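K.L.:
Sequence below, structure please.
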Amino acid sequence: METKTPFAAKTLDPDALTVLNLPMHDRRVRPLLDELAVEYDARYGDLFGRGAAAEELSRYPAAEFEGPGGALLVIQEDGESVAGGAFRRYNATTAEFKRIWTHSAHRRRGLARLVLAELEALAARRGYRRVFLTTGPRQPEAKHLYLSTGYDPQFDLDQDPELIRSLAFTKVLSVPPLS
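P.N.:
Numbering: from 1, shown residues only. All right, here's what the predicted structure looks like:
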């Protein structure tokens, strides 16, 4: 008997990808926000309470994710929104990354690393020198991603993440070369 996985990880073809800098109200952003709400409720509903996901996703005004201080990037593959992320001004030299997401049908393909790289490059071009971000205790994939891409944990890695609740990371950005 043949067993099938829910989806076969499709090889990432850079030529099929488009990185878009969009306003929050753009229809191509909706898949990111909708799936984030479902995922946050599924992972954290019993920890933070049902409805906490919607509250978190609407915590900041959309304008905070627009230029020049912020941005919202969506990566599309063949016209479909498959990954994305955003940043907002944390302080004069630090961008706060938020809403980093990969569609559940497209995970394990390197898209989250691409989102981070695109966000970091844009934040550096906009004058930021550091990144601050947080993730929840029930997102070990995100914790691993940040640790494996040079982010410094601002918490004790040996402590129970459920007790910490908000896992904070920072990273110093590379300064882009002058053109």
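K.L.:
buried sites along the lengthiest strand in the chain?
P.N.:
Counting residues, the longest strand found in the chain (DSSP state E) is strand 80-91. Using 16 or more other Cβ atoms under 10 Å as the test for burial, strand 80-91 gives 81-90. C-beta coordinates here come from the backbone N, C-alpha and C atoms, glycine included.
K.L.:
Repeat that for stretch 105-116.
P.N.:
Per 16+ other Cβ under 10 Å, stretch 105-116 contains these buried residues: 106-107, 109, 111-112, 114-116.
K.L.:
I would like the residues contacting the longest strand of the chain, please.
P.N.:
Contact with strand 80-91 is made by 28-32, 60, 64-65, 69-76, 95-103, 106, 111-112, 114-116, 118-119, 122-123, 128, 131-132, as judged by Cβ atoms under 8 Å, 6 or more residues apart in numbering.
K.L.:
For that strand, which strands pair with it and how are they oriented?
P.N.:
According to DSSP bridges, strand 80-91 forms sheet pairs with strand 71-77 (antiparallel), strand 94-102 (antiparallel).
K.L.:
Are we agreed that Arg108 is in a strand?
P.N.:
No. Using DSSP: H, G, I helix; E, B strand; the rest coil, the assignment for Arg108 is coil, not a strand.
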